[in-house]
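Peer 1: Structure for the following, please:
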Amino acid sequence: MRFSELSEQQILALAISNEEEDSRIYRAFAEGLREQYPASAKVFDEMADEEVRHRAMLFDLYRDKFGDYLPLIRRQDVTGFIYKKPLWLVRPLGLAEVRKYAAEMEYETARFYRKAAEAARDATIRELLDKLAEAEDRHETYAEQLQEQILTKSARAEEDETARRMFVLQYVQPGLAGLMDGSVSTLAPLFAAAFATHQTWSTFLVGLAASVGAGISMGFAEALSDDGSLTGRGTPWIRGTICGVMTTIGGLGHTLPYLIPHFVTATIVAVAVVVVELCAISYIRYRYMDTPFLAATFQVMFGGALVFLAGILIGSS
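Peer 2: Numbering: from 1, shown residues only. Prediction:
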């Protein structure tokens, strides 16, 4: 049914089911965040309790007007009503995404009620929709007040730091491992082939095979190493994909220059790309892994230089 076709009884029933669903969503958010972000979990617990109180108030009004029978009318039963993707089923929950989701949920519901009230012809329905919109506006204000009371600066800073650590564990570490492996381990076969054949196309094929093979190998190794249930490192297939893709990219970076027909030019460009790759790895280690920049640069450059020289010596022998 279209929203405009609902009777006053049906609108009240829909509002009650909305409040009940929202309270369950907030409760699920709280459970999903409790281990890593206890302060935010407490905010969502309070918001869930507030939704329960609003549902009780709406149901008391409904029972006074229409009796005890409450028809089951949900969002998906009304054309044009707000659809909410099941973010609460995602694990692990992202703190920023959850906060944004909750704010949008309150704002969009209030806006929907207000727009429906503008289009309604019946004065009683219009008044009811306006009241529902005001109630949703109060929910948003209440959420902001709760965050100010519970999410103090120190609590928010602590949770932001936890979010940063989770980002490093789930995305930066597997990506960095792949980039390092792809950038360093493929140097030896690539430059061995280059100095052994002096043929750019053959060198390109060797580098391509090494990059893709290393990407597949590293992707499976990362995915099978840890299911993330205890370490909090995220789902295996995401980590494996990130690691595999970054490994392939790391190898392709200094492989693509060998599409240049001139061998010397291609080799000079490839060496320049290697330097850029190693500098990027050093910066990522410095930025996210708390490694001193000079130490990170020395370690990466030294290791890369050894592999690079090994490839040249083997290819030239």
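Peer 1: what's the helix or strand where residue 102 lies packed up against?
Peer 2: Using DSSP states H and E, residue 102 maps to helix 95-119. Judged by 3 or more CB pairs under 8 Å, 6 or more residues apart in numbering; DSSP states H and E, helix 95-119 is in contact with helix 8-33, helix 38-66, helix 123-150, helix 153-167. C-beta: built from backbone N, CA, C; applies to glycine.
Peer 1: Run the angle between that helix and helix 38-66 for me.
Peer 2: Here helix 95-119 runs at an angle of 20 degrees relative to helix 38-66 (axes from the mean of the first three to the mean of the last three CA atoms, to 10 degrees).
Peer 1: Centre of the chain to helix 95-119, how far?
Peer 2: From the chain centre to the centre of helix 95-119 is a distance of 21 Å (CA atoms, centre = their mean, to the nearest Å).
Peer 1: now that helix against helix 8-33, angle please.
Peer 2: Using the same axes, to 10 degrees: helix 95-119 against helix 8-33 is 170 degrees.
Peer 1: After the helix or strand bottoming out on mean pLDDT in the chain, which helix or strand is next?
Peer 2: Among the helical and strand segments of the chain, the one scoring lowest on mean pLDDT, DSSP states H and E is helix 153-167, with a mean of 62. Next along the chain after helix 153-167, taking DSSP H and E as the criterion, comes helix 173-185.
Peer 1: helix or strand right after that next one?
Peer 2: Following helix 173-185 in sequence order, the next helix or strand is helix 187-197 (DSSP H and E).
Peer 1: got the buried residues for that following helix?
Peer 2: Buried residues in helix 187-197, defined by neighbour count with 16 or more other CB atoms under 10 Å: 187, 188, 189, 190, 191, 192, 193, 194, 195, 196.
Peer 1: got it, and stretch 259-275?
Peer 2: 260, 263, 266, 267, 269, 270, 273, 274.
Peer 1: now swap in stretch 237-246 and tell me
Peer 2: Within stretch 237-246, the residues scored as buried using 16+ other CB under 10 Å are 238, 239, 240, 241, 242, 243, 244, 245, 246.
Peer 1: could you dump it to CSV, C-alpha only?
Peer 2: The C-alpha trace of stretch 237-246 is given here as CSV (Å, rounded to 0.1, in the frame of the first residue of the first chain):
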residue,chain,number,x,y,z
TRP,A,237,38.4,-13.3,2.4
ILE,A,238,38.7,-9.5,2.8
ARG,A,239,42.2,-9.7,4.2
GLY,A,240,43.2,-12.3,1.5
THR,A,241,41.8,-10.1,-1.3
ILE,A,242,43.6,-7.0,0.0
CYS,A,243,46.9,-8.9,0.4
GLY,A,244,46.7,-10.6,-3.0
VAL,A,245,45.7,-7.5,-4.9
MET,A,246,48.5,-5.4,-3.3
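Peer 1: So what touches that stretch?
Peer 2: With contact meaning CB atoms under 8 Å, 6 or more residues apart in numbering, stretch 237-246 is reached by 170-171, 174-179, 182, 215-216, 218-224, 226, 228, 233.
Peer 1: Quick check: the gap between residue 294 and residue 263.
Peer 2: As judged by CB to CB, to the nearest Å, residue 294 and residue 263 stand 35 Å apart.
Peer 1: swap in residue 188?
Peer 2: Distance from residue 188 to residue 263, by CB to CB: 18 Å.
Peer 1: out of everything not next to it in sequence, what's closest to residue 48?
Peer 2: residue 26 (3.8 Å; CB to CB, 6 or more residues apart in numbering).
Peer 1: where's the one you found relative to residue 99, distance?
Peer 2: If you measure residue 26 against residue 99 using CB to CB, the figure is 12 Å.
Peer 1: Looking at these two, which is more packed in?
Peer 2: More crowded of residue 26 and residue 99, by other CB atoms under 10 Å: residue 26, with 25 against 19.
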